[in-house]
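>>> no sequence on this one, just coordinates:
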């Protein structure tokens, strides 16, 4: 097996690991704040339905948190086994940022998680509420550090070269690099939508079985309202993030939009089949000058094409289709959330609406994975943009070893994910215990 195939297997294995891992933080970051709301509502109203709701969803949080921790540990080992060149080159920046995440966010979560899970009848109510707030804050802080590192890999800043290694010259510039604010807020909104639709979808699943369940009715409304508020915000933030990407990673935007040659007044391609061989979009459905108008706010604005970035450009198809899948799901979320809020204000949800919410339970996960594919593949062939190529960071590991371990990961993660779905739907089907 040649080096190119070994590199592809190493990338596939790490991609599988991070794709599996990101599912759980994308849920728990916002789910922690939902728990704060449920717990606070019970403390204020003493309504038993809110207490039952809290007890149900704190179990979902604990299960998801545990899955995220386990998969995160496995992923961290791959930095040493599969990608030693990464830490050798930029470890002086990546290492401290990962350590800050453990020392601040993870320890904060781990310290108060026990109180949140088992201390409700052992500590005063205000302290239990505070513990829930601390856990939720820890999940957000964890996202802060991880997104700081990932954003720095996309748009490096604040670093200097010393003895062949990259070190931090200005930590504030490293952390608050050009893409970090957009990427961080975009991820928080994505987590909010993921958790909102998971809560609304599983609550709808329960109401299909037990229409009189008051706890499920409350959480359905809560999920729908949060989704209705966050969906339009996410669209605005996504647009700002896209403009930032155009400024700092124009090749990624060119691949997303299917712009093969630099042109003025580029059309917005709604659908096409990108053809890498002929450098064109087959079967294209376009809006004339749409891309120029959105990205440049000028119908005659010039957008750089992929021809300017040869050969250092990403593959087009994963970005082109991944972006459209993410946007399509986002539009579906917006329409369902707004209609759902309007319909729920008029009375109990009809079964057709409940089935629709149930079908959207894990839509946030699909959109998050699509966005992750766009973000990470769009950086290729660079592991750290302009600093470290992906091919230069991979370790000297045989293709047979990579193939065997990849097979093991696929089987293990498939079983774990199937078990997670079974447990989650079983808990939701039973509903919140009174």
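Received, thanks. Not measured: the values here are computed from a predicted model.
>>> hey, let's count contacts and neighbours off CA atoms from now on
Fine.
>>> low pLDDT regions in the chain?
Applying pLDDT under 70 to the chain picks out residues 1-3, 398-399, 431-434.
>>> all strands for it, in order.
Taking DSSP state E, the strands of the chain run over residues 159-162, 165-168, 263-264, 268-275, 280-287, 302-303, 382-384, 388-389.
>>> out of the ones you listed, which gets nearest to residue 11?
Evaluated over the strands of the chain, closeness to residue 11 peaks at strand 382-384, with 10.6 Å, by CA to CA.
>>> of all the strands of the chain, which lies closest to residue 72?
Among the strands of the chain, strand 382-384 sits nearest to residue 72 (CA to CA), with 19.1 Å.
>>> in stretch 93-106, what's buried?
Neighbour-count burial for stretch 93-106 flags 93-94, 97-98, 101, 105-106 (criterion: 16 or more other CA atoms under 10 Å).
>>> how about stretch 338-352?
Buried, per 16+ other CA under 10 Å, within stretch 338-352: 338, 340-341, 344, 349.
>>> distance check, the most centrally placed residue in the chain against residue 187.
Residue closest to the mean C-alpha point of the chain, counted by CA atoms, centre = their mean, is residue 368 at 4.2 Å. Separation of residue 368 from residue 187 (CA to CA, to the nearest Å) stands at 8 Å.
>>> residue contacts, the residue nearest to the centre of the chain?
Shown in contact with residue 368 (CA atoms under 8 Å, 6 or more residues apart in numbering): 23, 26, 190, 326.
>>> report the separation between it and residue 418.
19 Å.
>>> before we move on, back to that, show me which of the buried residues of stretch 93-106 is closest to residue 173.
Distances from residue 173 to the buried residues of stretch 93-106, taken as CA to CA, are shortest for residue 93 (11.7 Å).
>>> so that closest one makes contact with residue 165?
No: contact between residue 93 and residue 165 fails when scored by CA atoms under 8 Å: they sit 10.0 Å apart.
>>> which other helices and strands contact the helix ranked longest in the chain?
When the chain is parsed with DSSP state H, its longest helix is helix 3-45. Here helix 3-45 touches helix 48-81, helix 125-154, helix 180-209, helix 363-377, helix 399-430, going by 3 or more CA pairs under 8 Å, 6 or more residues apart in numbering; DSSP states H and E.
>>> give me that answer again for 6 Å
Secondary-structure packing of helix 3-45 (3 or more CA pairs under 6 Å, 6 or more residues apart in numbering; DSSP states H and E): helix 48-81, helix 125-154, helix 180-209.
>>> the ones you listed: which one's closest to residue 305?
Nearest of the helices and strands packed on helix 3-45 to residue 305, taken as CA to CA: helix 125-154 at 19.5 Å.
>>> before we move on, back to that, deepest in the core, which of the helices and strands packed on helix 3-45 is it.
Most buried of the helices and strands packed on helix 3-45, by mean neighbour count (mean count of other CA atoms under 10 Å): helix 180-209, with a mean of 25.
>>> packing partners of that helix?
helix 3-45, helix 125-154, helix 214-248, helix 351-359, helix 399-430.
>>> I'd like those helices laid out as a markdown table, including distance to residue 266.
Listed next are the helices and strands packed on helix 180-209 as a markdown table, based on distance: least, CA to CA, whole Å:
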| stretch | distance to residue 266 |
| --- | --- |
| helix 3-45 | 32 |
| helix 125-154 | 25 |
| helix 214-248 | 14 |
| helix 351-359 | 36 |
| helix 399-430 | 41 |
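>>> tell me which of those helices is the most buried.
For the helices and strands packed on helix 180-209, the highest mean count by mean count of other CA under 10 Å goes to helix 125-154, at a mean of 22.
>>> thanks again, I'm all set now.
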